[in-house]
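> any chance you could fold what I've pasted below:
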Amino acid sequence: MASTETTTAQDTGSVEAGLDALETTTTGRTPLRQTVVDKIVPPVVAIAVVLVAWQFVFGIVDDPSKLPSPSAVGGQFKQAWLEGTLLGYIWTSVSRGLLGFFFALLIGTPLGLLVARVKFVRAALGPILSGLQSLPSVAWVPPAVIWLGLNNSMMYAVILLGAVPSIANGLVSGVDQVPPLFLRAGRTMGATGVKGTWHITLPAALPGYVAGLKQGWAFSWRSLMAAEIIASFPDLGVGLGQLLENGRNASDMAMVFEAILLILFVGIAIDLLVFSPLERWVLRSRGLLVKG
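Sure thing, here's the model as predicted:
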């Protein structure tokens with residue numbers, strides 16, 4: 001009998017040890033060579049392929065007024081850098097976009113919680129938010145110019161109208177996916193009202209909320225570019241959208257492609273520096289991503 005109990009205890013210990021081994025994460029540093037191969041080589045290869053394809057298509061089109069060569073666009077970047085205007089273009093748009101997104105975050109978060117938690121508000125505002133989310137941001141530029149004039153307030157208004165619905169809907173989706181057991185457990189421990197929202201609802205709704213934030217930034221950036229392209233004015237400075245419009249007015253395709261590439265670069269940089277780490281943190285905190 002004693003030997004049977006000993007054997008059972010050993011088996012249980014073996015199972016527990018196996019489970020612990022499965023859950024153990026590798027904490028050693030990734031070798032530099034592997035990091036280069038996994039993280040740096042793929043985008044470099046992709047950029048090289050795009051440049052080769054671009055040069056090949058340029059040779060077929062053979063019309064710089066329709067498609068500039070990579071060297072012409074590179075020369076445009078070099079000229080803007082030497083003139084000291086390149087970083088100014090980027091900062092003008094990025095500062096507006098980030099500040100507008102911050103205001104959208106302050107408005108969209110409580111609005112999303114209100115819609116998610118109050119049935120009457122959801123019935124009244126839920127369809128409106130969904131409709132606003134599907135409305136092209138460029139549609140808000142003409143009324144914003146009429147209401148507010150050609151100034152930065154107009155830019156921020158367009159950003160808010162484009163981003164707030166996405167942030168609010170993302171949070172509503174996240175709250176809807178919170179298991180009811182979490183809410184009941186929180187109430188049992190006294191986490192009700194604001195305390196329950198802060199300690200239970202928001203942490204549990206983070207995956208949907210982060211997805212809404214990411215989509216909200218995309219809408220913010222597109223809304224800003226539409227506003228800068230349509231509502232150009234000297235006092236507003238030259239952002240990336242204005243640079244794109246200047247290239248179109250001058251029929252300078254190298255400048256047009258310069259603006260397009262800068263807009264694309266900013267979008268990729270914000271995603272890699274802000275939202276991708278945030279998504280990985282959320283997944284890792286829930287045991288869905290093992291840190292290797």
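> tell me what the longest helix seen in the chain is packed against?
In the chain, with assignment by DSSP state H, the single longest helix is helix 86-117. Applying 3 or more C-beta pairs under 8 Å, 6 or more residues apart in numbering; DSSP states H and E, one finds that helix 86-117 contacts helix 70-83, helix 119-134, helix 152-176, helix 206-230, helix 240-249, helix 253-270. The way it works is simple: take the backbone N, C-alpha and C, and place the C-beta from them, glycine included.
> relative to A218, how far out is S65?
As judged by C-beta to C-beta, to the nearest Å, S65 and A218 stand 32 Å apart.
> which one of the two has more residues nearby?
A count of neighbours by other C-beta atoms under 10 Å puts A218 above the other of S65 and A218, at 17 against 9.
> so V178 touches A205, yeah?
Yes. V178 is within contact range of A205, at 5.5 Å (criterion: C-beta atoms under 8 Å).
> of these two, which one has the most company?
A205 (25 against 19).
> to L106, which of the helices and strands packed on helix 86-117 lies closest?
L106 sits nearest to helix 152-176 of all the helices and strands packed on helix 86-117, at 9.6 Å, using C-beta to C-beta.
> go through the longest helix of the chain and flag the buried ones.
Buried residues in helix 86-117, counted by 16 or more other C-beta atoms under 10 Å: 86, 89-90, 92-94, 96-97, 100-101, 103-105, 108-109, 111-113, 115-116.
> same question, stretch 120-138
122, 125-126, 129, 132-133, 137-138.
> which pair of the residues you listed spans the longest distance?
R122 and V138, at 28.3 Å, using C-beta to C-beta across the buried residues of stretch 120-138.
> where does pLDDT dip in the chain?
1-30, 32-33, 35-39, 182-184, 186, 190-197, 199, 287-292 (pLDDT under 70).
> tell me the spacing between the residue nearest the centre of it and P142.
Geometric centre of the chain, nearest residue: K214, 3.2 Å, by C-alpha atoms, centre = their mean. Per C-beta to C-beta, K214 is found 28 Å from P142.
> and if you look at P165?
With distances taken as C-beta to C-beta, P165 is found 19 Å from P142.
> neighbour count: those two, which is higher?
For P165 and P142, the more surrounded residue by other C-beta under 10 Å is P165, and the numbers stand at 27 against 11.
> next, the contact list for the more buried one, please.
108, 129-130, 132-133, 219 (C-beta atoms under 8 Å, 6 or more residues apart in numbering).
> same thing but at 7 Å, please
129, 132-133 (C-beta atoms under 7 Å, 6 or more residues apart in numbering).
> gap between L135 and R117?
Separation of L135 from R117 (C-beta to C-beta) stands at 25 Å.
> if you could redo that for P234, that was the one I meant.
Taking C-beta to C-beta, one finds P234 at 46 Å from R117.
> now swap in S69 and tell me
S69 is 56 Å from R117, where distance means C-beta to C-beta.
> contacts for the host helix or strand of V141?
Taking DSSP states H and E as the criterion, V141 maps to helix 141-148. Contacts with helix 141-148, where a contact means C-beta under 7 Å, 6+ apart, come from 154, 157-158, 226-227, 230-231.
> could you rerun that using 10 Å?
By C-beta atoms under 10 Å, 6 or more residues apart in numbering, the residues outside helix 141-148 that reach it are 140, 150-151, 153-161, 223, 226-231, 233.
> filter those residues down to the buried ones.
Buried by 16+ other C-beta under 10 Å: 140, 154-161, 223, 226-229, 231, out of the contacts of helix 141-148.
> what's the farthest-apart pair in those?
Using C-beta to C-beta, the buried ones among the contacts of helix 141-148 reach their maximum pairwise distance at L160 and I229, which is 18.2 Å.
> distance of the residue nearest to L86 when sequence neighbours are not counted from G216?
Ranked by C-beta to C-beta, 6 or more residues apart in numbering and with sequence neighbours excluded, the top spatial neighbour of L86 is A80, at 4.0 Å. For A80, the distance to G216 equals 30 Å [C-beta to C-beta].
> the more surrounded of the two?
G216 (26 against 18).
> which residues touch the more buried one?
So G216 contacts 101, 104-105, 108, 133, 159, 162-171 (C-beta under 10 Å, 6+ apart).
> quick check, nearest of these to I270?
Distances from I270 to the contacts of G216, taken by C-beta to C-beta, are shortest for F101, at 9.4 Å.
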